[in-house]
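Enquirer: give me a 3D structure for the following:
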Amino acid sequence: MNKLLKQLKQLKRAERLTAMDGQSMAQSWNRIAEAIGADETSEVTPSVSAMYFEYARWNASKYFSKPVAASAFSVMMVASGWIATVNAADSLPGDTLYSVKMITEKTQLRLASLDRKAVLHTEFAGRRLQEASDLQEGTQDADSAQLVHGAIEAYKQEVASAGESLRQLKDEGSAEALATATSVQQNLQAIDTTIDAVAAESGSAEATQEVLAAKEVAKEVNDVATTVAVEVHEEQPTDLSTQELKQMFKSDLGRIEARQRFDLERIDVIKIALADDGVSYDGFAVPTSDELLAYEYPIVAVDSLLSQAMNNFAAGGFRSAFEKLQEIDTALLEIESQLAQVEIAIMQARLQPEPTPVVPEESVTSESVL
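Expert: Numbers count the residues shown, from 1 in each chain. Now for the predicted structure:
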């Protein structure tokens, strides 16, 4: 594969490794720490193994709560169910044990409280994206492409369900709404890396559009999470709600600044690709130098918008600060959609087969005719 084509993919894969490291996050936060303080604590969500243990415990209780039901057969069935559940954890769509994985998740949701459901939906969304990424590493055919599509659709449904549960939690006046909003936001940002991994392996316009749609759904629910947190704080401001908002703002700020740097690097790679005289882009939708500047300018202008958001937050205008970040998020998504289409055009042009040279008629000899 062409060197520049590899570079485009490697850049996507390296987004969070090069742009959103701890030092960058700390530098972003230090710019406003003096005005609003900092809270380095974060809620740690239960691990996958802990959730499976909880399911196994519930599964076992169905048998051992009945008189004289703890027979050797019952114990064997419970143990078999536990083993099948653990083995199903790494299964992919199309695998025999994948149905066990889905049943386990549905059981967890059925037993969970509303606040836990919201968080679980984001955790399961992360699994669906990881499955899509793992499927792309295997054999690429029509069946696997359909499975990837199904995994991404399932991801979008899980994320949407997380937003619905979170909003319902807020409408019911639950005391858990604030902490849940923070956990949902953290999980959504954690799976951004997986979204980009899926995007890095997608080589078609259809797959790219699916990934962009996945990002759009994540953005919408992230907006719900920050809006819920702001509403809780406005209704009854406390030191805890203030600290939660600071942490959420810090996370959003770092994420957006990372995307800004990443998108500028993407444009640099595109410039290099378009400057290669050895490739013909006739018939492909690639931008001119002036059009690339039109992409670049609004990305650079994000600095000014971020400054406005930070000033609003430092002055106590939490709602306006988050709304400014949401505005930036929407603008970057639009630009990223256009950049993705350019990258696809470059990849397609570079993967075109070399034209077959035409042999001049006068070079055809009698021997070649015979």
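Enquirer: the stretch 201-350 of the chain: helices as residue ranges?
Expert: 205-235, 239-274, 289-300, 302-314, 318-350 (DSSP state H, counting those that start in this stretch).
Enquirer: burial count for the residue nearest to Ala331 when sequence neighbours are not counted?
Expert: Spatial nearest neighbour of Ala331, chain neighbours left out: Pro298 (6.2 Å); criterion: C-beta to C-beta, 6 or more residues apart in numbering. For every residue, glycine as well, the C-beta is placed using N, CA and C. As a burial measure, Pro298 scores 15 neighbours (other C-beta atoms under 10 Å).
Enquirer: hang on, isn't Val100 packed against Ser91?
Expert: Yes - taking C-beta atoms under 8 Å as the definition, Val100 is a contact partner of Ser91 at 7.5 Å.
Enquirer: turn the helices of the stretch 201-350 of the chain into CSV, columns for distance to Gly150 and mean pLDDT.
Expert: Formatted as CSV, the helices of the stretch 201-350 of the chain follow (distance: least, C-beta to C-beta, whole Å; pLDDT from 0 to 100):
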stretch, distance to Gly150, mean pLDDT
helix 205-235, 11, 87
helix 239-274, 27, 90
helix 289-300, 33, 89
helix 302-314, 35, 94
helix 318-350, 21, 89
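Enquirer: so can I have a markdown table of those showing distance to Gln108?
Expert: Shown next, in a markdown table, are these (distance: least, C-beta to C-beta, whole Å):
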| stretch | distance to Gln108 |
| --- | --- |
| helix 205-235 | 19 |
| helix 239-274 | 25 |
| helix 289-300 | 41 |
| helix 302-314 | 36 |
| helix 318-350 | 30 |
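Enquirer: which of these sits closest to Glu153?
Expert: helix 205-235 (8.2 Å; C-beta to C-beta).
Enquirer: and the closest one, what's buried?
Expert: 207-208, 210-212, 214-215, 217-219, 221-230, 232-233 (16 or more other C-beta atoms under 10 Å).
Enquirer: packing partners for it?
Expert: helix 142-171, helix 177-190, helix 192-201, helix 239-274, helix 318-350 (3 or more C-beta pairs under 8 Å, 6 or more residues apart in numbering; DSSP states H and E).
Enquirer: please redo it, this time with the cut-off set to 10 Å
Expert: With contacts defined as 3 or more C-beta pairs under 10 Å, 6 or more residues apart in numbering; DSSP states H and E, the packing partners of helix 205-235 are helix 114-136, helix 142-171, helix 177-190, helix 192-201, helix 239-274, helix 318-350.
Enquirer: mean neighbour count and distance to Met310 added to those helices, as a markdown table?
Expert: A markdown table is the format used below for the helices and strands packed on helix 205-235 (neighbours: other C-beta atoms under 10 Å; distance: least, C-beta to C-beta, whole Å):
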| stretch | mean neighbour count | distance to Met310 |
| --- | --- | --- |
| helix 114-136 | 23 | 27 |
| helix 142-171 | 19 | 26 |
| helix 177-190 | 23 | 18 |
| helix 192-201 | 21 | 21 |
| helix 239-274 | 19 | 7 |
| helix 318-350 | 19 | 7 |
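Enquirer: can you put these in a markdown table and add distance to Ser307?
Expert: Output for the helices and strands packed on helix 205-235, formatted as a markdown table (distance: least, C-beta to C-beta, whole Å):
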| stretch | distance to Ser307 |
| --- | --- |
| helix 114-136 | 30 |
| helix 142-171 | 29 |
| helix 177-190 | 22 |
| helix 192-201 | 23 |
| helix 239-274 | 11 |
| helix 318-350 | 10 |
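Enquirer: and Asp290, which of those is closest to it?
Expert: helix 239-274 (12.4 Å).
Enquirer: that closest one versus helix 289-300: what angle between them?
Expert: Put simply, helix 239-274 runs at 170 degrees to helix 289-300, going by axes from the mean of the first three to the mean of the last three C-alpha atoms, to 10 degrees.
Enquirer: how much does helix 239-274 deviate in direction from helix 177-190?
Expert: Using the same axes, to 10 degrees: helix 239-274 against helix 177-190 is 20 degrees.
Enquirer: brilliant, that's me finished.
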